[in-house]
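Colleague: using only what follows, build the 3D model:
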Amino acid sequence: MGLFGFLKSQFIEVIEWTDSDMNTMVYRFPVQNNEIKMGAELTVRESQMAIFVNEGEIADVFGPGRHQLYTQNMPILTKLKSWKHGFNSPFKAEVYFVNTKQFINQKWGTSNPIMMRDPEFGIIRLRGYGIYSYRVSEPTVFLKELFGTNASYDTSNIEEQLKKMIVSGLTDLFAESKIAALDLAMHYDELSEKGKEKMQQRFSAFGFEMTSLYIENLSLPKEVEEAMDKRTSMGVIGDLGQYQQYQAAEALRDAARNESGGLAGAGAGLGAGAALGGVMANAFSGNQQQQANTPPPSISQTEKISCPHCQAPNTLGTKFCGDCGKSIQMKKVPCIGCQAELNEDAKFCGECGTKQDAEKTCAKCEKKNAPNAKFCGDCGENL
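Modeller: Here you go, the predicted model:
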């Protein structure tokens, strides 16, 4: 290799980075002992940012696209190095590619249970886990605060820090929400959204933007869950007395199926039978006592009768209406046609259909008489 070829190999003409690792956040382009040729081609792909650093000081930042490196598009670096206009000599600078895509499916979870005060269960211990995603929104802030002078940087370098930040913020959020443990499941979406807003300020301090936060599960200790299951079972059982009777009947059936023989078996069977008999007696006596202590509903308290005059409801057995004061127990009169018993204000007979207020005309003297008259008032003729 001649001198010209050796010098040419020291000049970098193409600068680019192809991301081969999904979790790499920053990549430092290898320029050690080499110089960048003025007019070199810089390729920045989508979801990337290229940052030039001069002697530890951040200079120019390039977004996605293809760039020709000249003094015109590197104003900060030109000023830092005091280049003259139209400077064409090779130069030295560090080049960092920052990945600005979303880093998804990052997991968070409580390493220790969260102590909370629940309105129903008192003090409880709550555990939870979920996922979140974020991206680098301010590359220069990220380089200053976290990256330093490393050759590369990936999500594992910051994973524990972010996880602890999220758990700390969510612990405070859960306590402030004062949501009962049994109602937490219906508020996952609301708590996730509020948690994301709460974390945004903390993430921005590192140049990050939290794009999503999800709560997958919030669970109580095993002992509390067992107590909740028992309470649910009691609610399903309903009447405890009937449940005791059912258990006693099931126990008697199982005892009857016991085929163990011998005196020992007989003695055990007699003892079990006596014990079960006591259980049955207590179960049934308790049920009977409960029924005895419950007074039967009073007819006068449950049944109502309508007033025949104003139709107002009155308790059965009342003699006078509470609204109009008229007698509820109507006087009975015979039907003028079939002699069936009717209320005195009935207009038609329910048996024969005869109109009850029709006047009777005497066949002998043609005198008008009352509907229930049996003899004519003038001539005495039988009506």
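
Colleague: hey, let's count contacts and neighbours off CA atoms from now on
Modeller: Fine.

Colleague: let's verify residue 322: helix, strand, or coil?
Modeller: coil (DSSP: H, G, I helix; E, B strand; the rest coil).

Colleague: next up, the contacts around it.
Modeller: 312, 314 (CA atoms under 8 Å, 6 or more residues apart in numbering).

Colleague: what comes up buried for stretch 120-134?
Modeller: For stretch 120-134, the neighbour count (16 or more other CA atoms under 10 Å) marks 124, 126-134 as buried.

Colleague: ok, stretch 19-27 next?
Modeller: Those would be 23-27, for stretch 19-27 by 16+ other CA under 10 Å.

Colleague: what's the neighbour count on the closest residue to residue 364 other than its chain neighbours?
Modeller: Nearest non-adjacent residue to residue 364, counting by CA to CA, 6 or more residues apart in numbering: residue 381, 6.9 Å away. Residue neighbour count, defined by other CA atoms under 10 Å, stands at 13 for residue 381.

Colleague: any idea of the pLDDT on residue 381?
Modeller: Note on residue 381: pLDDT of 82.

Colleague: distance of residue 43 from residue 356?
Modeller: Note on residue 43: its distance to residue 356, by CA to CA, to the nearest Å, is 112 Å.

Colleague: ah, wrong one, I meant residue 66
Modeller: Distance from residue 66 to residue 356, by CA to CA: 111 Å.

Colleague: for the two, indicate the residue with more neighbours.
Modeller: A count of neighbours by other CA under 10 Å puts residue 356 above the other of residue 66 and residue 356, at 19 against 14.

Colleague: what's near enough to touch that one?
Modeller: Counted by CA under 8 Å, 6+ apart, residue 356 has contacts 335-336, 346-349, 371.

Colleague: let's see that with 10 Å instead.
Modeller: Shown in contact with residue 356 (CA atoms under 10 Å, 6 or more residues apart in numbering): 334-337, 342, 344-349, 371-372.

Colleague: can I have the buried ones of the residues you listed as a ChimeraX selection?
Modeller: The buried residues among the contacts of residue 356 can be selected in ChimeraX (16+ other CA under 10 Å) with this line:
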select :335,336,337,342,348,349,371,372
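
Colleague: dump the contacts of residue 356 into TSV; add secondary structure as well.
Modeller: Below are the contacts of residue 356 laid out as TSV (three-state DSSP):
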residue	secondary structure
334	strand
335	coil
336	coil
337	coil
342	strand
344	coil
345	coil
346	coil
347	coil
348	strand
349	coil
371	coil
372	coil
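
Colleague: of the contacts of residue 356, which pair is most distant in space?
Modeller: 337 and 345 (15.5 Å; CA to CA).

Colleague: for the stretch 251-383 of the chain, which segments count as helices?
Modeller: 262-293, 299-302 (DSSP state H, counting those that start in this stretch).

Colleague: which one of the ones you listed has the lowest average pLDDT?
Modeller: helix 299-302 (a mean of 48).

Colleague: just the pLDDT for residue 55.
Modeller: Reading off the model, residue 55 has pLDDT 84.

Colleague: what sits against it?
Modeller: Residue 55 neighbours (CA under 10 Å, 6+ apart): 80, 92-94.
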